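In: After the sequence you'll find the predicted model.
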Amino acid sequence: MRIKSCILIRINSWEHLERSAIEFIQKNVALYQFRDGIPLATAAAAANFTRGELATALRKNPNIVNVILAGYDKETGPSLFFIDYIASFHKLNRAPFGYGSLFCTLNDA
């Protein structure tokens, strides 16, 4: 699902959590820009914001939510970020996702 014109997000969780988590992130990115006047223009900024929101949610109501966020920035080019269910944040070149990711590693070509 698209957050902004150059940022895409995919969430892997239980079905009822996927849609609500995506909408939560979309609306809070827009609210952050409206409230602070600073747009989250880069994929890295949106990924850091998402990680912070997941870390806060983890302390209140823990759920298993894995996130892949991809984006394109004019200065840095394409980027891919993975945020796991405990809100750890990694920048990757490639990432497996979903049930099939249990059977492969990031070192596989």
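Out: Okay, I see it.

In: send the alpha carbons of stretch 85-97 over as CSV?
Out: C-alpha atoms of stretch 85-97 as CSV (Å, rounded to 0.1, in the frame of the first residue of the first chain):
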residue,chain,number,x,y,z
TYR,A,85,7.6,-7.4,15.5
ILE,A,86,9.8,-6.2,18.3
ALA,A,87,10.4,-2.9,16.4
SER,A,88,14.0,-3.5,15.4
PHE,A,89,14.9,-1.6,12.3
HIS,A,90,17.2,-2.8,9.5
LYS,A,91,18.1,-1.3,6.1
LEU,A,92,18.5,-4.1,3.6
ASN,A,93,19.3,-4.7,-0.1
ARG,A,94,16.8,-7.5,-0.4
ALA,A,95,14.3,-9.0,2.0
PRO,A,96,12.2,-12.2,2.2
PHE,A,97,8.7,-11.8,3.5
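
In: Run through the strands of the chain in chain order.
Out: Assigned by DSSP state E, the strands in the chain fall at 2-4, 7-12, 66-73, 77-83, 89-92.

In: how far out from the middle of the chain is the last one?
Out: So that's strand 89-92. Relative to its chain's centre, strand 89-92 lies at 10 Å (CA atoms, centre = their mean, to the nearest Å).

In: could I get the strands of the chain as TSV with mean neighbour count and mean pLDDT?
Out: Where C-beta positions appear, they are placed from N, C-alpha and C, glycine not excepted. TSV is the format used below for the strands of the chain (neighbours: other CB atoms under 10 Å; pLDDT from 0 to 100):
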stretch	mean neighbour count	mean pLDDT
strand 2-4	16	67
strand 7-12	20	81
strand 66-73	20	87
strand 77-83	17	90
strand 89-92	14	86
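
In: Turn these into TSV, columns for distance to Thr56.
Out: Listed next are the strands of the chain as TSV, based on distance: least, CB to CB, whole Å:
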stretch	distance to Thr56
strand 2-4	18
strand 7-12	16
strand 66-73	14
strand 77-83	13
strand 89-92	14
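
In: of those strands, which approaches Arg59 most closely?
Out: In terms of CB to CB, the element of those nearest to Arg59 is strand 77-83, at 15.3 Å.
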